[in-house]
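Q: Dropping the sequence and predicted coords here.
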Amino acid sequence: MLQSTSRAVFRKLLSPTLAGLLCLAAQAGRADEDEAPKGPAVTALRATKACFDNIVEVSGTIIAREETAVRPDRPGLKVTDILTEPGTAVTKGQALARLSAPEGGTMQITAPVAGVISGSTAQIGALASPRGEALFSIIARSEYDLVGLVPSADVAKVAVNQPATVNMIGAGKLEGKVRRVGPTVEPNVQLGQVYIGIATPQRLLLNSYGRALIKTGQTCNVSVPLTAVLYSPAGTVVQVVRRNRVETKRVEVGLLSGAQVEIRDGLAEGDIVVVRAGALLREGDVVRPVMASAEAK
């Protein structure tokens, strides 16, 4: 009897405690629901720092930096054998042709420099002399120049020895350097001349068109995807997320690199940026940021 009474008393004491615990759990659940972010999901990422190259574009044509003419050193010789042809790379001292003398005997014409044969007038049976047309023309050391024009506003940025990447149809990408910058600009078109040196074993077609990108400097700043930037009547802006709400920040943009844009002012490293900003998001809107991976940039 005593044991039954004790159990009944224990249950009476325990019941309010259980009820209180259940009530607290329910309240905590409601609080979690209240604190959970609401609104539409938006893809976001943290702004990071990156370096951007300052690039000046140049368009122009390919010329030989130095062409060497090859002729025999005496008159009255006749071409008997041609040992090379235009477009062939040759080494210094390599035989280019054989010639016969009127008195008998043969001699060889050799390359005075290494390079690429750019042209030839040699024909079997034709006469050759020191004063006639050159039998061969050699692009010395396989060195070319892209002679291009740049706007006068960019001429001051270009300096000797700055690296350049040259794109040519049929030759792909070639590395070069600024070799010379013209001292004047054409008054009618306000363009200045730039020589970009290229050394390559490839045969480049003289007078062919090329386009070069000259790296004139580099800056390192906050970087965001280009899709995060909006151009509005109020200026250039980026939307960021703070405490699950949208904030619109005016920014100063700088250089571009692929799909990334330099932000010179208005954002800090680590700010959570809406990757694809749009007119549907307004200042103060509640959103649920879904963080993108670094590869998504």
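A: That came through fine.
Q: how near is the nearest residue to Val113 once chain neighbours are set aside to Ala199?
A: Leaving out its chain neighbours, the residue that sits closest to Val113 by C-beta to C-beta, 6 or more residues apart in numbering is Ala140, at 4.7 Å. C-beta: built from backbone N, CA, C; applies to glycine. Distance, Ala140 to Ala199, by C-beta to C-beta, to the nearest Å: 11 Å.
Q: Specify which residue of these two has the higher count of neighbours.
A: Each of Ala140 and Ala199 has its neighbours counted (other C-beta atoms under 10 Å); Ala140 has more, 19 against 13.
Q: How about the contacts made by the more buried one?
A: Ala140 sits next to Ala64, Arg65, Glu66, Glu67, Thr68, Val113, Ala114, Gly115 when contact means C-beta atoms under 8 Å, 6 or more residues apart in numbering.
Q: returning to what we had before: report the beta-bridge partners for the residue nearest to Val113.
A: Ala140 has these beta-bridge partners by DSSP bridges: Gly115.
Q: Phi first, then psi, for the closest residue to Arg131 other than its chain neighbours.
A: Counting by C-beta to C-beta, 6+ apart, Arg131 lies nearest to Pro75, which is 7.5 Å off, once chain neighbours are set aside. Main-chain torsions, Pro75, degrees, to the nearest 10: phi -80, psi 170.
Q: Am I right that Asp154 sits in a helix?
A: Yes: looking at Asp154 with DSSP: H, G, I helix; E, B strand; the rest coil, it is inside a helix.
Q: got a pLDDT number for Ala294?
A: On the pLDDT scale, Ala294 is placed at 52.
Q: If you could redo that for Ala259, that was the one I meant.
A: 89.
Q: Arg11 now?
A: 49.
Q: Quickly note the distance from Ile263 to Asn54.
A: 16 Å.
Q: more crowded one of these two?
A: Neighbour totals were compared for Ile263 and Asn54, and Ile263 leads with 26 against 14 (other C-beta under 10 Å).
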